[in-house]
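**Student:** Generate coordinates for the sequence data below:
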Amino acid sequence: MPVLLPPALERSLDVLRCPTCRTRRLHPDRGSLRCPAGHTFDIARHGYVGLLTGNRATSGDDAPMVQARDRFLAAGRYTPIRQAVARLAANPAPRRGTVVDVGCGTGYYLAGVLDRLPGARGLGLDTSVRALRLAARAHERAAAATWDVFRPFPMADEVADVVLDVFAPRNPAEFCRVLHPAGRLIVVRPTGRHLAELRGRVPAMVAVDPTKEQRLHRALDPCFEAVVTERVEYSMALRGSEALDLVGMTPSARHLSRAELDDGGLLPDRVTVSVLVTAYTPR
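**Tutor:** Numbering: from 1, shown residues only. The predicted model follows:
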């Protein structure tokens, strides 16, 4: 039996373009999306559409990583970050309200922005099908699709009013292409203080590059101008298995087992959350 077209995905069809043809629009066809040239992309029963074809550079977060992230975020531990993202995305209010979250993960931050913008629609892009299963259900107005941030996005020009990049890789040229001239790009990245207590005890945790801000500026400056930056920083007590989930939701989890971390007494009971949230406008 063909998969029904999710309403949120149907509302996003005018934004999408065939990733093979690059210019042709997609239309629903018996549980899939098809372009006039016949290129077909299946809609998964979980609600996302598989647009990423060919050899993949990465399969994204695996199931244990996604489960750990979902538990941690559902506990509200990053709510202040989510609120800052939504506030900067909504001020000023987008002209139509198309929000694209690149590297959306489970859709946690996209859902927060859509809650702040009642008339907006959302589209989350990620390589991880495990994460997209949750992203496709994160919000009634959020569609989801597989995609690799380093490839040209399967989207028309200047169709996004807000582009989100939260702890995700960046593609400045594509951000510039798909963002409307009156739109906003919201970028979230960690400071050197972010989870320092955890990184100090778990050698496998990826360190924050001290040149990250300079590299970000060099990458975005040709196309974007920073409008406002907010620093979100607070001390967070870790309850129960939250420390395990905090490690487990990162790539470091591939090098350490939960048993190793739990038995070794490595994990702190309090960490510092410290990130920068910047709103950019196109030059």
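**Student:** At which residues are the helices of this protein located?
**Tutor:** In the chain, the helices defined using DSSP state H lie at 7-11, 63-74, 79-90, 108-116, 129-135, 172-178, 196-201, 212-220, 242-248, 258-264.
**Student:** Residue 184 bridge partners, please.
**Tutor:** residue 162 (DSSP bridges).
**Student:** Need the helices of the chain in a markdown table (columns: mean neighbour count and distance to residue 155).
**Tutor:** C-beta here means a position set from N, CA and C on the backbone, and glycine is covered the same way. Below are the helices of the chain laid out as a markdown table (neighbours: other CB atoms under 10 Å; distance: least, CB to CB, whole Å):
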| stretch | mean neighbour count | distance to residue 155 |
| --- | --- | --- |
| helix 7-11 | 17 | 14 |
| helix 63-74 | 19 | 24 |
| helix 79-90 | 21 | 18 |
| helix 108-116 | 24 | 15 |
| helix 129-135 | 25 | 16 |
| helix 172-178 | 19 | 5 |
| helix 196-201 | 17 | 36 |
| helix 212-220 | 14 | 19 |
| helix 242-248 | 22 | 32 |
| helix 258-264 | 13 | 38 |
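**Student:** quick one, which of those helices is nearest to residue 279?
**Tutor:** Each of the helices of the chain has some distance to residue 279 by CB to CB; the shortest is helix 79-90, at 4.3 Å.
**Student:** CA atoms of that closest one as CSV?
**Tutor:** Taking Å, rounded to 0.1, in the frame of the first residue of the first chain, the C-alpha atoms of helix 79-90 are listed here in CSV:
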residue,chain,number,x,y,z
THR,A,79,16.0,24.6,26.4
PRO,A,80,17.8,28.0,26.8
ILE,A,81,19.6,27.3,23.5
ARG,A,82,16.4,26.4,21.8
GLN,A,83,14.8,29.6,23.1
ALA,A,84,17.6,31.8,21.9
VAL,A,85,17.5,30.2,18.4
ALA,A,86,13.7,30.7,18.2
ARG,A,87,13.9,34.3,19.5
LEU,A,88,16.6,35.4,16.9
ALA,A,89,14.9,33.5,14.1
ALA,A,90,11.6,35.3,14.8
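**Student:** quick revisit: which one of the helices of the chain lies nearest to residue 143?
**Tutor:** Proximity to residue 143 (CB to CB) singles out helix 7-11 among the helices of the chain, at 4.2 Å.
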